[in-house]
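*Asks:* Only the shape, not the letters, is given here:
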């Protein structure tokens, strides 16, 4: 039995003083402020980096795919500033090249013909647009069939200026002479819109046919 005027420690309530509460709130505020500053700083750097990134480069992708096809071509059947038609070597079921015997010996057999040209989203040969298409005329056929859309938003009018003509460089420039070894010059410019801003990319290459 406790003496009068004495309090039992068991009955004492544990609590937080006002000073301790203020210190805890202050520390939480500092931590929240620091975290928000780090977050917004990181977000700003990320957005700035994304803003400066080049969009998907349609021009380079298109030049790469066309170059691969032209390097396999045997000859150029037709060409213009915005279109080109080439003949590929024929292959057998195993993927090996077929040979034809002639007066000058053996030569690669002519196979499918392919055309690269600008059209609209339908790929129609007689349509106008800014889509680069690849069409194929298989052996035994008499018409080209659009097969693959190579790139969107190709704008030859934005190609670099040709110093000889003062006009934009053509998409396809064919040199049928011994100096250039029947090379084909490629220039393609694409437009991509990033956050409402139009950005252009231009790619160029010079390709030589496989058998020349």
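*Replies:* Alright, I've got the coordinates. All figures in this text were calculated on a predicted structure; none of them were measured in a lab. Numbers count the residues shown, from 1 in each chain.
*Asks:* C-terminal to the helix or strand of the chain with the lowest mean pLDDT, what's the next element?
*Replies:* Ranked by mean pLDDT, DSSP states H and E, the helix or strand of the chain with the weakest confidence is helix 18-52, at a mean of 74. Once helix 18-52 ends, the next helix or strand along the chain (criterion: DSSP states H and E) is helix 58-72.
*Asks:* follow-up on the earlier one: could you give me the buried positions within the least confident helix or strand of the chain?
*Replies:* Within helix 18-52, no residue counts as buried by 16 or more other CB atoms under 10 Å. Bear in mind the C-beta positions are built from the backbone N, C-alpha and C, glycine included.
*Asks:* cool, stretch 193-212 as well?
*Replies:* Buried, per 16+ other CB under 10 Å, within stretch 193-212: 201-203, 205, 207-209.
*Asks:* Could you list which of those belong to strands?
*Replies:* 201-203, 205, 207-208 (DSSP state E).
*Asks:* any idea which of these is closest to residue 113?
*Replies:* Nearest to residue 113 out of those is residue 207 (CB to CB; 17.1 Å).
*Asks:* gap between that closest one and residue 144?
*Replies:* Distance, residue 207 to residue 144, by CB to CB, to the nearest Å: 21 Å.
*Asks:* and if you look at residue 77?
*Replies:* Using CB to CB, residue 77 is found at 11 Å from residue 144.
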